[in-house]
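# predicted model and sequence follow; I will ask about them next.
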Amino acid sequence: MNLTLRQFEILVAIGDTLSLTTAAEKLGVSQPSVSETLRRVEGELGCKLVDRATRQLALTYEGQHVVASAREAMRSLAGTFEAIAHRGDGVRGRLSIAALPSAVCTLLPPVLRAFRERYPGIEVSVRDALQDRATTMLEDGSVDLVIAGRPAGQGSFIFEEIASDRLKLVVSRRHSLSGRDSVGWSELANFKFIAMSTSSSVRRLTDAGFIHANLPIAPTYEVDQISCAAALAAAGLGITALPTMTFAMFNADELAVVPLVAPTIERSIGMTWLKDRPLSASAIKFVAVLRSRGT
């Protein structure tokens, strides 16, 4: 079996786009060329990599593993090229990061600025993603590093905390709870709650608060975006609870923030990478800059 780098690139493009036509456009080749490459690789491996039964292509079980392996092989080769480039006059390379939207809005801008000033030859890509999606991107090799909450299953990951913030109640300024010094979780029973979706790390925090207070987890509204939760709360449609780091993501003019107690819930934000995948030279440099922020 002797697959080429170009075949790896085509497999990864198919996996990224789930479309032979879009993959061809991404690589600047013809669609028949992509189809023929896929056919040859499937023949070489003796299995189907793509399910064409539906309107949109889907990777088979074998296809998911082959694409992940192709992506990892390309990353490894890129790392080799990067190491060779380091022997030249300047530091060059690529770095891909997935981060919580709140981290993109607060933690990352000064770090990215400092990193760009120190290593202008390293190209950085940032993808904003919720916790579960960010972890998936790390596992399938789409990104080098994740800036998010502590991963649920830590056996495969290395997590290093870089910040923490506290969950607080967010309500309309006209709400009866808006003037309080603090509010206990048990007091939320009689109010409509606006929750984040289950794929969000924030949802796990609010669920923990309700469980601790022996209250049912039954949100009236469930949204994907922090700004949507804040907008609904500002309109008086319910109350919500959000980490302080997310406050940069919405206009708080019509909102009041009240400390939540009994229990006080904090979340840990940090860097995550895979134990069995060493960080690239670019990622190591970025981690160093992130660790040194504020010093």
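Sure thing, it's come through.
# what comes up buried for the longest strand along the chain?
Secondary structure of the chain per DSSP state E: the longest strand is strand 157-172. Neighbour-count burial for strand 157-172 flags Phe157, Phe159, Ile162, Asp165, Leu167, Lys168, Leu169, Val170, Val171, Ser172 (criterion: 16 or more other Cβ atoms under 10 Å). Every residue, glycine included, has its C-beta placed from N, CA and C.
# now do stretch 279-287
Here stretch 279-287 shows Leu279, Ser280, Ala281, Ser282, Ala283, Lys285, Phe286, Val287 as buried, counting by 16+ other Cβ under 10 Å.
# show me what the helix or strand containing the fifth one is packed up against.
By that I understand Ala283. Assigned by DSSP states H and E, Ala283 falls within helix 281-291. Using 3 or more Cβ pairs under 8 Å, 6 or more residues apart in numbering; DSSP states H and E, the elements in contact with helix 281-291 are helix 61-85, strand 93-99, helix 108-118, strand 122-128, strand 145-149, strand 157-172, strand 266-274.
# can you redo those as TSV with mean pLDDT and distance to Asp253?
TSV is the format used below for the helices and strands packed on helix 281-291 (pLDDT from 0 to 100; distance: least, Cβ to Cβ, whole Å):
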stretch	mean pLDDT	distance to Asp253
helix 61-85	77	45
strand 93-99	94	27
helix 108-118	95	23
strand 122-128	95	24
strand 145-149	96	28
strand 157-172	96	11
strand 266-274	95	25
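# most tightly surrounded among the ones you listed?
Mean neighbour count, computed with mean count of other Cβ atoms under 10 Å, is highest for strand 145-149 among the helices and strands packed on helix 281-291, reaching a mean of 26.
# one step back: out of the helices and strands packed on helix 281-291, flag the one nearest Ile194.
strand 157-172 (8.7 Å; Cβ to Cβ).
# what does the helix or strand just after the closest one contact?
Downstream of strand 157-172, the next assigned helix or strand under DSSP H and E is strand 183-184. Applying Cβ atoms under 8 Å, 6 or more residues apart in numbering, the contact partners of strand 183-184 are Leu169, Leu177, Ala213, Val258, Pro259, Leu260, Val261, Ala262.
# let's go with 7 Å and repeat that
Strand 183-184 is contacted by residues Leu169, Leu177, Val258, Leu260, Val261, Ala262 when judged by Cβ atoms under 7 Å, 6 or more residues apart in numbering.
# now which of those residues would you call buried?
Buried among these by 16+ other Cβ under 10 Å: Leu169, Leu177, Val258, Leu260.
# show me the shaky parts of the stretch 101-250 of the chain.
154 (pLDDT under 70).
# repeat that for 80
Scanning the stretch 101-250 of the chain for pLDDT under 80 picks out 152-155.
# may I see the buried ones among the contacts of strand 183-184 arranged in JSON lines, with distance to Ser292 as well?
Formatted as JSON lines, the buried ones among the contacts of strand 183-184 follow (distance: Cβ to Cβ, whole Å):
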{"residue": "Leu169", "distance to Ser292": "34"}
{"residue": "Leu177", "distance to Ser292": "40"}
{"residue": "Val258", "distance to Ser292": "35"}
{"residue": "Leu260", "distance to Ser292": "33"}
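# would you check which pair of the residues you listed lies furthest apart?
Pairwise distances across the buried ones among the contacts of strand 183-184 (Cβ to Cβ) peak at 10.4 Å, for the pair Leu177 and Leu260.
# for these two, list the residues in contact with both.
By Cβ under 7 Å, 6+ apart, the residues touching both Leu177 and Leu260 are Leu169, Val183.
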